[in-house]
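Asker: what follows is a protein structure lacking sequence information:
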């Protein structure tokens with residue numbers, strides 16, 4: 001049986017032209033999060049969003065083919081503006097995985113490091129890497145538009 005310690009680990013790093021507080025708020029403010037979460041071409045509804053330790057969330061991904069994929073989880077840590085973590089899983093299916101985000105101030109810019117543990121297979125890790133990179137592209141556009 002795989003555990004989070006021997007499963008593939010996904011790490012994605014990005015630099016955004018915004019302060020750590022601004023990037024943190026893009027993740028943990030309901031309206032902003034709902035505006036960008038989900039890969040490009042996917043719109044999402046976020047009917048449950050409680051960004052505090054122990055708080056829950058639910059994301060409903062509306063796919064281009066008309067299907068929906070619900071994602072659910074619980075916030076494990078919230079340390080504004082430096083980091084947070086949350087469990088992540090398809091509502092029906094896979095085991096919980098853990099998404100940890102840390103933010104580092106680069107003097108007006110922010111380095112974001114997203115670590116996704118517990119994805120179980122290389123294929124699942126690869127699929128989530130594509131999804132997270134596409135999703136972070138959308139967040140970058142939101143941050144740029146908000147700072148313009």
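Answerer: Noted; the coordinates are in hand. These figures come from a predicted structure and were not determined experimentally.
Asker: the helix or strand bottoming out on mean pLDDT in the chain packs against which elements?
Answerer: Using mean pLDDT, DSSP states H and E, helix 122-147 stands out as the lowest-scoring helix or strand of the chain, at a mean of 90. Contact analysis of helix 122-147 by 3 or more Cβ pairs under 8 Å, 6 or more residues apart in numbering; DSSP states H and E lists strand 10-16, helix 20-28, helix 30-36, strand 110-117 as its packing neighbours. C-betas here are computed from N, CA, C, even on glycine.
Asker: a markdown table for those, including mean pLDDT and mean neighbour count?
Answerer: Shown next, in a markdown table, are these (pLDDT from 0 to 100; neighbours: other Cβ atoms under 10 Å):
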| stretch | mean pLDDT | mean neighbour count |
| --- | --- | --- |
| strand 10-16 | 97 | 16 |
| helix 20-28 | 97 | 20 |
| helix 30-36 | 96 | 16 |
| strand 110-117 | 98 | 19 |
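Asker: mind putting those in TSV, distance to residue 89 included?
Answerer: As requested, the helices and strands packed on helix 122-147 are exported to TSV (distance: least, Cβ to Cβ, whole Å):
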stretch	distance to residue 89
strand 10-16	15
helix 20-28	18
helix 30-36	18
strand 110-117	11
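Asker: hang on, the earlier thing: quick one: the least confident helix or strand of the chain to strand 10-16, angle?
Answerer: Helix 122-147 and strand 10-16 are oriented at 10 degrees to each other (axes from the mean of the first three to the mean of the last three Cα atoms, to 10 degrees).
Asker: mind listing what's buried in helix 122-147?
Answerer: Residues of helix 122-147 classed as buried: 124-125, 128-129, 131-132, 135-136, 138-140, 142-143 (neighbour count, 16 or more other Cβ atoms under 10 Å).
Asker: do the same with stretch 76-92
Answerer: Buried-residue list, stretch 76-92, by 16+ other Cβ under 10 Å: 78, 81, 83-89.
Asker: out of those residues, which is nearest to residue 48?
Answerer: Ranked by distance to residue 48 (Cβ to Cβ), the buried residues of stretch 76-92 are led by residue 86 at 12.3 Å.
Asker: element containing that closest one, please.
Answerer: Using DSSP states H and E, residue 86 falls within strand 83-90.
Asker: tell me the strands beside that strand, with direction?
Answerer: Using DSSP bridges, the strands paired with strand 83-90 are strand 68-79 (antiparallel), strand 97-105 (antiparallel).
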